[in-house]
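# Okay, here's the prediction I keep looking at, along with the sequence it came from:
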Number of protein chains: 6
Amino acid sequence: MRLRLINPNTTQAMTAAIGRTAAAVVGPGTRVEALGPSMGPASIESHYEEALAVPGVLELVRDGERDGVDAHVLACFGDPGLDAARELATGPVLGIAEAGMHAASMVGRGFGIVTTLGRTVGRSRELVQRYGFADRCVEVRACEVSVLGLDDPSSDARALIVDECHEVLASGADAVLLGCAGMTDLCRSISDEIGAPVVDGVAAATVFAESLVRLGLVTGKRGEYARPPLKEITGLLSPFALGGAPALL
Amino acid sequence: MRLRLINPNTTQAMTAAIGRTAAAVVGPGTRVEALGPSMGPASIESHYEEALAVPGVLELVRDGERDGVDAHVLACFGDPGLDAARELATGPVLGIAEAGMHAASMVGRGFGIVTTLGRTVGRSRELVQRYGFADRCVEVRACEVSVLGLDDPSSDARALIVDECHEVLASGADAVLLGCAGMTDLCRSISDEIGAPVVDGVAAATVFAESLVRLGLVTGKRGEYARPPLKEITGLLSPFALGGAPALL
Amino acid sequence: MRLRLINPNTTQAMTAAIGRTAAAVVGPGTRVEALGPSMGPASIESHYEEALAVPGVLELVRDGERDGVDAHVLACFGDPGLDAARELATGPVLGIAEAGMHAASMVGRGFGIVTTLGRTVGRSRELVQRYGFADRCVEVRACEVSVLGLDDPSSDARALIVDECHEVLASGADAVLLGCAGMTDLCRSISDEIGAPVVDGVAAATVFAESLVRLGLVTGKRGEYARPPLKEITGLLSPFALGGAPALL
Amino acid sequence: MRLRLINPNTTQAMTAAIGRTAAAVVGPGTRVEALGPSMGPASIESHYEEALAVPGVLELVRDGERDGVDAHVLACFGDPGLDAARELATGPVLGIAEAGMHAASMVGRGFGIVTTLGRTVGRSRELVQRYGFADRCVEVRACEVSVLGLDDPSSDARALIVDECHEVLASGADAVLLGCAGMTDLCRSISDEIGAPVVDGVAAATVFAESLVRLGLVTGKRGEYARPPLKEITGLLSPFALGGAPALL
Amino acid sequence: MRLRLINPNTTQAMTAAIGRTAAAVVGPGTRVEALGPSMGPASIESHYEEALAVPGVLELVRDGERDGVDAHVLACFGDPGLDAARELATGPVLGIAEAGMHAASMVGRGFGIVTTLGRTVGRSRELVQRYGFADRCVEVRACEVSVLGLDDPSSDARALIVDECHEVLASGADAVLLGCAGMTDLCRSISDEIGAPVVDGVAAATVFAESLVRLGLVTGKRGEYARPPLKEITGLLSPFALGGAPALL
Amino acid sequence: MRLRLINPNTTQAMTAAIGRTAAAVVGPGTRVEALGPSMGPASIESHYEEALAVPGVLELVRDGERDGVDAHVLACFGDPGLDAARELATGPVLGIAEAGMHAASMVGRGFGIVTTLGRTVGRSRELVQRYGFADRCVEVRACEVSVLGLDDPSSDARALIVDECHEVLASGADAVLLGCAGMTDLCRSISDEIGAPVVDGVAAATVFAESLVRLGLVTGKRGEYARPPLKEITGLLSPFALGGAPALL
């Protein structure tokens, strides 16, 4: 089995960390590849950056189809381009926010999310509602560390995240969901420190994608997620239009 | 006052129709401009096409900021790029699905949506829930005419839409919301034919955007919708990164 | 175009303030009239007072029909008699709570309401749910100033309202909705002070009513909002029964 | 114990039927009184009529306070004036829609409502949502018989109601709730005919009001439902303003 | 009329207290019996204990059917075995959480629950959602006294409960619902102390069960709650399988 | 890794089928055990049977703890005893309804459930709401074949299930979830026949349980799901009380 994880931003250190996490959780015989896009923002902390990350994500999904990968994971907590990727891909596609919420709801009644900057809280709440976890998610908290700041060894990012995790538990949650792919390296140690389940969406999406492939499940293609029609797409995005996805489709 | 309507697809006939509708409903002293993007799909009937339309939309919002327009309308029923546009723009930004649902809920208890292809129903339902109209929207129906097919004089598009409008009324709705900017020219005549309020999101978004400007209301900028941080954005999308939006921001 | 605003209470100073607000926001060519009822309470801060305000409101809607006004606005935050008024009137009818919530949800993800006495919070929450804004309204707070106290120059009403507005913003809202027509004069200055969008329902309902008239939209009359049947109505309310609304119907 | 049922319309035959139903279900030692108002519509089938029935209802609640009754029942399926009555009364107040929905949800998972004219369906649905029974109420159906037509011996009202009851059961409901006080006489016989529980809100509200008195429960008076402030109320409604309710308060 | 209350735990002092409460609220002519099971836990504070209490509850419902009782009340706030009991019993069955929430919602807009140990809060919230009271229940608070600790004269249980009741009122609730049958003796005195309605589910379920019998209402038996099929049930539970419930069925 | 699947009914053929399914989907190195209880019903089609199956399920979970299994799966679509099992077990516990709904929501926007007898539909809907999938589950349909009838070679069970699957797809669902562990053998062939994803909860729960173990996630034990207190449990259930679970705890 061949799983491909897409880091929607262009920061290669994050791509590498995502790949390490995935490799550590898959079963024997499953091959993991983590890739970053040729275009897009260095990190995603706004709707604007998320929107501009999507073409790069879709280009990589197109490549994944060409390469015959079995499933894709979109490794950014906003799940950018998830519906479009499901249209393009033959196999299953999972976002890490989606997968993380599913996992967190399997180990308790309520969970809380600890995200990066406060401005991303709204997007997390929107996804909580979209995926059906409004009764399960007791709160979304921000540690006010930027995505790239998470990786700055001089910062107190980890301590700030732990503080917010304690707040989440104090409000009655059974588990914490980390709200950024950039926190993937911290998951185990924070769980040990706070004594409660901590979910990393990157790892969760990886094992769930592997699970769906084992189940033989792929995205339903009879309606909304059928491959998009072959259509002219003008301009900067021409790789998709000419030699790219539509040709594939 | 200066309102700019953005047609997220590249079909100029639709841009022109959108402009005509808007010009017909604004008050004296309000100037309306309808523009189409330099890049993107010819029409939007899938998540994939919607995603690839967003960069072109955002480029036009960036231009609108440069030009000092007072408000923007995104004239595609999927409201592509709405959150990102609200971050970029100083003035209010409205999507036509959003505005159409607000208008439809002001003239009765329940409304139904008549959209184009069945594959777009899921996106409409997602927006219904996101905007809070789940109790108001009694159903979403597809006429199974493509966006560009709406404008084909040899098609029976209008008759198929009217059939679905009658179904919507039969299910108890007080009003019908047309689920595509390409239906803007049909609104009045269908309302006359079926004897019930029919809402065109293009017209609704135009007058509501004008309303917000009159009220002095702009998007709240203290949190989620603050301007995005200045950040490197690689590759095909460089116009945004170099001379474009971030510089503006 | 001719819009009529109905102040459901008998305090003429509030009627005048409502008229000033409306006149300031409509477009050229739109005529605004603000009227108060011949009967009812001096202010509305309880369900009991709201109920007893409704007959006077409906009498004024009957008059509006006779006078051929294009749309009505009900200028009390409980939206008293809204459904009944929609049955009586040919043109659109908007309540200021309803319109204010629509406007507030167009300029951000979440808004909070600042109302007068704590005893009115329940009614506000009921309307929030009825109109579909339960996910958008982050909280309803009371400044504990009575409706008529708002206009007492010796009171610290404005400061108390501003305090509650700051609390609303601290809880993560993008905008504040003022929960009483008596606050209409304060909207702009409070918005300037707190640096966030503040919505006055009176102004919002006025421009949205004007918008609906421009769109040619009226209340759907095929079902729930059809004119009520001609029927005997006994006693104190005979003006409606004899020469009034039913005769009109 | 002394229970007072208020028929919000002026049709005395309905008042009498309501009284018969109540007398048949209360326990020994409970005295039942059914009264109709001095003003208001002959029947209630629109929001307009419901609004104009409320002052008469509140006048009777004021009288009930004077007379020291222990609890009130509002015997119209729109529960007109319920919140205002709760403010005025010392003891509990129940609406028949409210009580009927509570009862119906105690004898199964889902129930359906059979109401009179189709135009009243919207009000029923609004109450279903307000009282929290949206997941329990599987549908609301209209038999298209008017309130007064229910009592016309030449009509086929009963047969039409039974037809709708069968439809409700076919959609999976465990029980049927009759959506009009005017159906109170039919409850038992229809239940026998269709072989499923049929709930009459008049009877349900009577026994539940008696229950609340036995429990020593009255409306909470610390906030929203505290007695309304003493305030001038002008004009036609002067009985309330001068010698009436506020004086009582 | 003959009502049977089932205490799902084996602590006889609680059974006696439940019986006293019920006897005090029923009308003349209604006979009340309170019984405890032959098997099960001494008190219920976990899902595990609740699960193991259910067979004993069902055995008692089987006995109640044999004895011809008119209705059953399940007197534990988790409503253990409620659906199964509704299948077995001919007459109505009410849980005390269910009945208490219905009663609490009849005397105000919002109520709060004060339960025993914090670990039971999740079950209360689940029942709140299941019964439709999510908009009505403003919070669930734990006094952190165990069920059996409630009856320990040396404990400060009552004071701790009162503290939580005050917190509930401070959050805007109109009424408090006691979240354990073991609090039944405290209801009146706490209500007097805090000056707000306090609901005891045991008393509420008793009068509502009596009410349903007066109304002639029984659980609908056409679908989900039809008697279970006669089927082999192995092992420890054989009393049900051989001479017990299925034979009865 | 060692996963244990518990068939809550005593029919050994079903236990064997469940074991075959699980063995076919786990990864290399994962050992699967399928066990049935020593007590309980032969199949589960009512709340009564589900309740009486729970003690046997919990006995097996107790044994699983003793044996050091890494995770448990409860292989009945009502997820009987899930919360109690989560309290008892150290590792994760998944129900097949829960897991199936998670999987079905990962391969499309909407899914439908095809269950056995109509009387089980209510339980499925309750679980749909509890797990947060109310917006995702478009309908629950019954094929009206009993659990044991599924395995009767002379029945037309498979054809009836396929009919209902087609109905589910016709209502717009992207995927079908099979609503009984007894359908586990049919999943692949029905998916092939209808050309859409078909989810078997047994398989889904198995791979997701394996996933949670790989992630190092266990049920949060700080609150609701902490091990139950050591307490006397009387009578028939003494194995739990004396040498069983509490001793373990």
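Right, received. Where do you want to start? Numbering: from 1, shown residues only, chains lettered A, B, ... in the order given.
# From here on, just use CA atoms for contacts and neighbour counts.
Will do.
# Endpoint to endpoint, stretch A:71-78 covers what distance?
One end of stretch A:71-78 to the other measures 19 Å (C-alpha to C-alpha, to the nearest Å).
# do that stretch and chain F meet at all?
No. If you take C-alpha under 8 Å from any C-alpha of the partner chain as the test, stretch A:71-78 misses chain F, and the best it gets is 11.6 Å.
# Pretty sure A:G182 sits against A:G149.
No. In this structure, A:G182 is not within contact of A:G149 by C-alpha atoms under 8 Å, at 9.3 Å.
# out of the two, which sits in the busier spot?
The residue with more neighbours, out of A:G182 and A:G149, is A:G182; 26 against 15, by other C-alpha atoms under 10 Å in any protein chain shown.
# From B:R227, how far out is the residue lying closest to A:H47 once chain neighbours are set aside?
Spatial nearest neighbour of A:H47, chain neighbours left out: B:A84 (4.6 Å); criterion: C-alpha to C-alpha, 6 or more residues apart in numbering or on different chains. Per C-alpha to C-alpha, B:A84 is found 9 Å from B:R227.
# Ok, A:L52 next?
15 Å.
# out of those two, which sits in the more crowded spot?
In this view A:L52 and B:R227 are compared by other C-alpha under 10 Å, and A:L52 has more residues nearby, 28 against 23.
# which residues of chain A score low on pLDDT?
Along chain A, the parts satisfying pLDDT under 70 run over A:235-249.
# and it, which residues reach chain F?
Counting by C-alpha under 8 Å from any C-alpha, the residues of chain A close to chain F are A:25-28, A:92, A:94, A:102-103, A:106-108, A:132-136, A:172, A:174-175, A:196-199, A:203-204, A:207-208, A:211-212, A:214-215, A:217-223, A:225.
# Can you select the buried ones from those in ChimeraX?
Restricted to buried positions by 16 or more other C-alpha atoms under 10 Å in any protein chain shown, the ChimeraX selection for these reads:
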select /A:25,26,27,92,94,102,103,106,107,108,132,133,134,135,136,172,174,175,196,197,198,199,203,204,207,208,211,212,214,215,217,218,219,220,221,222,223,225
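# Give me the number of neighbouring residues for the nearest residue to A:I233 once chain neighbours are set aside.
Setting aside the residues directly before and after it, A:I233 is nearest to B:P41 in space (C-alpha to C-alpha, 6+ apart), at 4.1 Å. Neighbour count of B:P41, defined by other C-alpha under 10 Å: 27.
# tell me the phi and psi of B:P41?
B:P41 adopts backbone torsions of phi -80, psi 160, taken as degrees, to the nearest 10.
# my guess is it contacts A:P229, does it?
No. With contacts counted by C-alpha under 8 Å, B:P41 stays clear of A:P229, the gap being 10.9 Å.
# need the strands for chain A, in chain order.
With DSSP state E as the definition, chain A shows strands at residue ranges A:2-6, A:31-35, A:40-41, A:71-74, A:93-95, A:111-115, A:137-142, A:175-178, A:198-200, A:233-234.
# Now those strands in TSV, please, with extra columns for distance to F:D79.
TSV is the format used below for these (distance: least, C-alpha to C-alpha, whole Å):
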stretch	distance to F:D79
strand A:2-6	31
strand A:31-35	33
strand A:40-41	44
strand A:71-74	29
strand A:93-95	25
strand A:111-115	21
strand A:137-142	22
strand A:175-178	21
strand A:198-200	24
strand A:233-234	49
